[in-house]
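[1] my questions concern the predicted model and sequence given below.
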Amino acid sequence: MIEFPKFFLTMAEVEEVLAEKREEDGETTQTVAVPPQGEKWCGGCKQNVPLAAFHKNKRGKFGRDSWCKSCKRRRYKEMHG
């Protein structure tokens, strides 16, 4: 029987190779802080803000904008005078 070279890796093999590479480079894994219930991270002011402070957005993650209303308003004023 002919044995073909292996071109594809399973996801477990890919994760193992990446973990070894990170370890060799001295990198640590990055942890992501989960905001408290009823809050979302604002990309403008870089803090957790209550969900009520975000406009609804069907395309946004969790159905909300990525910037809170006050940051969005401030940015609009900076852009449009």
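    Yep, it's here. Numbering: from 1, shown residues only.
[2] so, low pLDDT: which residues of the protein?
    For the chain, the stretches flagged by pLDDT under 70 are 1-7, 28-31.
[3] what residue is smack in the middle of it?
    Nearest to the mean C-alpha position of the chain, by CA atoms, centre = their mean, lies residue 32 at 8.4 Å.
[4] that one: what secondary structure?
    coil (DSSP: H, G, I helix; E, B strand; the rest coil).
[5] so how far is residue 41 from it?
    Per CB to CB, to the nearest Å, residue 32 is found 10 Å from residue 41. Glycine gets a C-beta too; all of them are placed from N, C-alpha and C.
[6] now do residue 19
    Between residue 19 and residue 41 the computed distance is 27 Å (CB to CB).
[7] dihedrals phi and psi, residue 44?
    phi -90, psi -60 (degrees, to the nearest 10).
[8] then residue 48?
    phi -80, psi 130.
[9] and it, how many neighbours does it have?
    Counted with other CB atoms under 10 Å, residues neighbouring residue 48 total 14.
[10] is it in contact with residue 37, as I believe?
    No. Applying CB atoms under 8 Å, one finds residue 48 not in contact with residue 37, separated by 10.7 Å.
[11] before we move on, the earlier item: of residue 19 and residue 41, which one has the most company?
    residue 41 (16 against 12).
[12] any idea what the more buried one is bridged to?
    residue 48 (DSSP bridges).
[13] measure it to residue 12 for me?
    31 Å.
[14] mind naming the longest helix for this structure?
    helix 11-25 (DSSP state H).
[15] alpha carbons only: can I get that one in PDB?
    Output of helix 11-25 as PDB, limited to C-alpha atoms (Å, rounded to 0.1, in the frame of the first residue of the first chain):
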ATOM      1  CA  MET A  11      -7.000  21.000  15.200                       C
ATOM      2  CA  ALA A  12      -5.500  19.300  18.300                       C
ATOM      3  CA  GLU A  13      -2.200  19.000  16.500                       C
ATOM      4  CA  VAL A  14      -2.300  22.700  15.400                       C
ATOM      5  CA  GLU A  15      -3.000  23.800  19.000                       C
ATOM      6  CA  GLU A  16      -0.200  21.700  20.300                       C
ATOM      7  CA  VAL A  17       2.300  23.100  17.700                       C
ATOM      8  CA  LEU A  18       1.200  26.700  18.600                       C
ATOM      9  CA  ALA A  19       1.400  26.100  22.300                       C
ATOM     10  CA  GLU A  20       5.000  24.700  21.800                       C
ATOM     11  CA  LYS A  21       5.900  27.800  19.700                       C
ATOM     12  CA  ARG A  22       4.500  30.200  22.400                       C
ATOM     13  CA  GLU A  23       6.400  28.400  25.100                       C
ATOM     14  CA  GLU A  24       9.700  28.600  23.100                       C
ATOM     15  CA  ASP A  25       9.100  32.300  22.500                       C
END
